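Asks: Next come a sequence and a model predicted from it.
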Amino acid sequence: MTRIIVLAFVCISLPALAARTLTDDLGRSVTVPDHPQRLVCLMPNLVDDVYALGASSDVIGVPDYTKYPAEAKTKPTVGLPLSPSLETIVSLHPDLVLASGDLNREETVKDFQKLSIPIFMVRARGIEGIYESLASLGRALNREQEAAKLVGALRERERAVRQRVAGKPVVNVLMPIWYDPIVTIGKDAYITDLIEIAGGHSVTSDVPEEWPEVSLEAALARSPGALLLVRGSKMSVEVLRTRPGWLTMTAVRNNRIYYVDERIESPSPVAFDALEELAKQFHP
């Protein structure tokens, strides 16, 4: 509490700006500056979003593990995505903080509220969620025209991929995010949508959770024709072959493995690069 009080005195000295009240993706009313110019992003995908909206020069802080776009890695870091440094962020004098409604903690949101620093939350569930989060950020950053243009371009890329794979055999895959316990992608995960658009089908697409845990028995019962793994990740088929029971899965035994670029892990415009590559993986 003492830390919050001290930081609050720092924030009191910040100049007041003309503001608007908006509703973020969690249904919260947030008062944001008319023209935010000092942005801190708490999740790497939000950095990619903001850059894609043309506001790169307004970004003053990014989280650890920021990879896309590459030039964003030169920005000051504000700590881990799920536990950012409040002191560092306050020292940067942001006029708006952007966060994930799914991943950033409630305590983090409350800390910024106590400091009267506006924090705008977005949520990207399913591919439509990516489009909607970009539109929300467009409103928050007063870049609605840029957001509409960007969403239109991404929808066109989606349409082109769908057209490319139309009529081709559907590839049934299991995408294990981790193996102990088995974590995979469910109905609400945007990656499930990307697989479908690319001409595949996630065998766990009917599981209600976004990132569900399933037993190996349940995974085997769904008879995946192949595995889909993120290229270069710690989740490799070599590791799976050493785990009890995995060699009973036909896809593992027959080495039916597809690989997708790690950009698919970011619910932002860069995921569409991975989408296009995945379609080529499924249908060379």
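Replies: Yes, it's here. Everything numeric in this text was worked out from a predicted model, so none of it was measured.
Asks: can you give me the helices in the protein?
Replies: 2-12, 44-52, 86-91, 106-114, 126-140, 144-165, 190-197, 216-221, 237-241, 250-253, 271-282 (DSSP state H).
Asks: Now do residue 188 against residue 261, distance only.
Replies: Using CB to CB, to the nearest Å, residue 188 is found at 22 Å from residue 261. Backbone N, C-alpha and C define where each C-beta goes, glycine included.
Asks: Same check on residue 241?
Replies: 23 Å.
Asks: follow-up on the earlier one: looking at the helices of the chain, which is buried most?
Replies: Mean neighbours per residue, mean count of other CB atoms under 10 Å, is largest over the helices of the chain for helix 44-52, with a mean of 25.
Asks: Return the list of helices and strands in contact with it.
Replies: In terms of contacts (3 or more CB pairs under 8 Å, 6 or more residues apart in numbering; DSSP states H and E), helix 44-52 is packed against strand 39-41, strand 59-61, strand 96-100, helix 126-140.
Asks: Is it possible to get JSON lines of those that adds mean pLDDT?
Replies: Formatted as JSON lines, the helices and strands packed on helix 44-52 follow (pLDDT from 0 to 100):
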{"stretch": "strand 39-41", "mean pLDDT": "98"}
{"stretch": "strand 59-61", "mean pLDDT": "98"}
{"stretch": "strand 96-100", "mean pLDDT": "96"}
{"stretch": "helix 126-140", "mean pLDDT": "96"}
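Asks: quick one, which of the ones you listed is nearest to residue 227?
Replies: When the helices and strands packed on helix 44-52 are compared by CB to CB, helix 126-140 sits nearest residue 227, at 22.0 Å.
Asks: Would you mind pulling the contact partners of that closest one?
Replies: 22, 24-25, 30, 32, 36, 46, 49-50, 52-53, 96, 98, 120, 122-124, 143-148, 150-151, 154-155, 158, 188-190, 192-194, 197, 267-269, 271 (CB atoms under 8 Å, 6 or more residues apart in numbering).
Asks: and that helix, how far out from the chain's middle?
Replies: The chain centre lies 11 Å from the centre of helix 126-140; the measure is CA atoms, centre = their mean, to the nearest Å.
Asks: relative orientation of that helix and helix 44-52 in degrees?
Replies: With axes from the mean of the first three to the mean of the last three CA atoms, to 10 degrees applied, the angle from helix 126-140 to helix 44-52 works out at 60 degrees.
Asks: Using TSV, lay out the helices and strands packed on helix 44-52 together with distance to residue 234.
Replies: Converted to TSV, the helices and strands packed on helix 44-52 look like this (distance: least, CB to CB, whole Å):
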stretch	distance to residue 234
strand 39-41	25
strand 59-61	28
strand 96-100	23
helix 126-140	25
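Asks: out of the ones you listed, which comes closest to residue 18?
Replies: strand 96-100 (13.2 Å).
Asks: Name the strands paired with the closest one and say parallel or antiparallel.
Replies: Counting by DSSP bridges, the strands paired with strand 96-100 are strand 39-41 (parallel), strand 119-122 (parallel).
Asks: Using PDB, write out every CA atom in it.
Replies: Provided in PDB are the C-alpha atoms of strand 96-100 (Å, rounded to 0.1, in the frame of the first residue of the first chain):
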ATOM      1  CA  LEU A  96      -2.700   5.000 -21.400                       C
ATOM      2  CA  VAL A  97      -1.900   1.400 -20.600                       C
ATOM      3  CA  LEU A  98      -3.100  -1.400 -22.800                       C
ATOM      4  CA  ALA A  99      -3.700  -4.800 -21.400                       C
ATOM      5  CA  SER A 100      -5.300  -8.200 -22.100                       C
END
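Asks: Residues touching that strand, excluding its own?
Replies: 32-33, 36, 38-43, 45-46, 50, 81, 89, 108-109, 112, 117-123, 137, 140-141.
Asks: so how far is that strand off the chain centroid?
Replies: 13 Å.
Asks: in that strand, what's buried?
Replies: 96, 97, 98, 99, 100 (16 or more other CB atoms under 10 Å).
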